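*Asks:* show me the folded form of this:
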Amino acid sequence: ENRQSLASFALETLVELDPQHPRRDLFASAIQIMGEERGAMEIAGAILKEGQDAVVHGDLVLARRKLEQLEKADPTTQLAEALRAAIQSAEQTAATDAALGRRRYNLESLLESPRLGEAERELARLSAGGLAKVSVETYRLRIADIAALAERDAKAQEFERLYKEKVQARDSYAARDIVLDFERALPDSPRPA
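*Replies:* Here you go, the predicted model:
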């Protein structure tokens with residue numbers, strides 16, 4: 001059970017009862033090996049803790065170095081496997097976060113340009129890639145706002161084009177009607193005035 005103190009006490013009792021016991025040396029060496037293993041496990045445990053702290057703080061280079069040390073110090077290899085799994089998980093998370101960051105940057109640039117069709121497709125990919133629902137909805141609202149502004153601008157340009165045609169044709173009544181339609185269609189626009 002890896003209890004060195006009990007084993008040592010049992011060996012001392014055995015030596016008192018039978019000083020010439022044939023397996024005395026075998027028991028003594030087993031107790032010594034248990035002590036060495038316990039010391040090695042304590043060292044390995046300390047290295048594991050340092051490696052886990054490095055993973056938590058995002059220092060994967062240091063965590064890899066600790067893994068190399070742990071592979072040499074861990075007699076069971078279970079601790080090294082646990083640290084290796086933690087490092088791999090952190091690397092996957094970092095790669096996913098980096099990919100999401102690149103996609104978000106791309107989406108922002110598409111919204112700036114505004115290429116709404118491509119932005120909607122990029123948002124769909126981001127949504128499938130694990131972007132938070134709040135962020136997805138925020139981007140959807142931004143896309144809808146940009147689309148509404150673009151539609152509003154297109155309507156305003158059409159009214160302005162029709163107005164200019166009527167002014168050039170010297171049809172002031174038709175031009176006035178277009179301005180009134182413009183005012184009704186886009187009441188918050190300053191252009192009809």
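*Asks:* what's the spacing between the residue nearest in space to the middle of the chain and residue 31?
*Replies:* Nearest to the mean C-alpha position of the chain, by CA atoms, centre = their mean, lies residue 97 at 3.6 Å. Relative to residue 31, residue 97 is positioned 50 Å away (CB to CB, to the nearest Å). Yep, even glycine has a C-beta here, placed from its N, CA and C like the rest.
*Asks:* ok, now residue 104?
*Replies:* Taking CB to CB, one finds residue 104 at 60 Å from residue 31.
*Asks:* likewise for residue 103?
*Replies:* The value you get for residue 103 to residue 31, if CB to CB is used, is 60 Å.
*Asks:* then residue 66?
*Replies:* Distance from residue 66 to residue 31, by CB to CB: 30 Å.
*Asks:* these two - which one has more neighbours?
*Replies:* The residue with more neighbours, out of residue 66 and residue 31, is residue 66; 25 against 17, by other CB atoms under 10 Å.
*Asks:* residues touching that one, list them.
*Replies:* The contact partners of residue 66, taken as CB atoms under 8 Å, 6 or more residues apart in numbering, are 47, 48, 50, 51, 54, 83.
*Asks:* looking at those, which are in helices?
*Replies:* Among these, the residues falling in helices (DSSP state H) are 47, 48, 50, 51, 54, 83.
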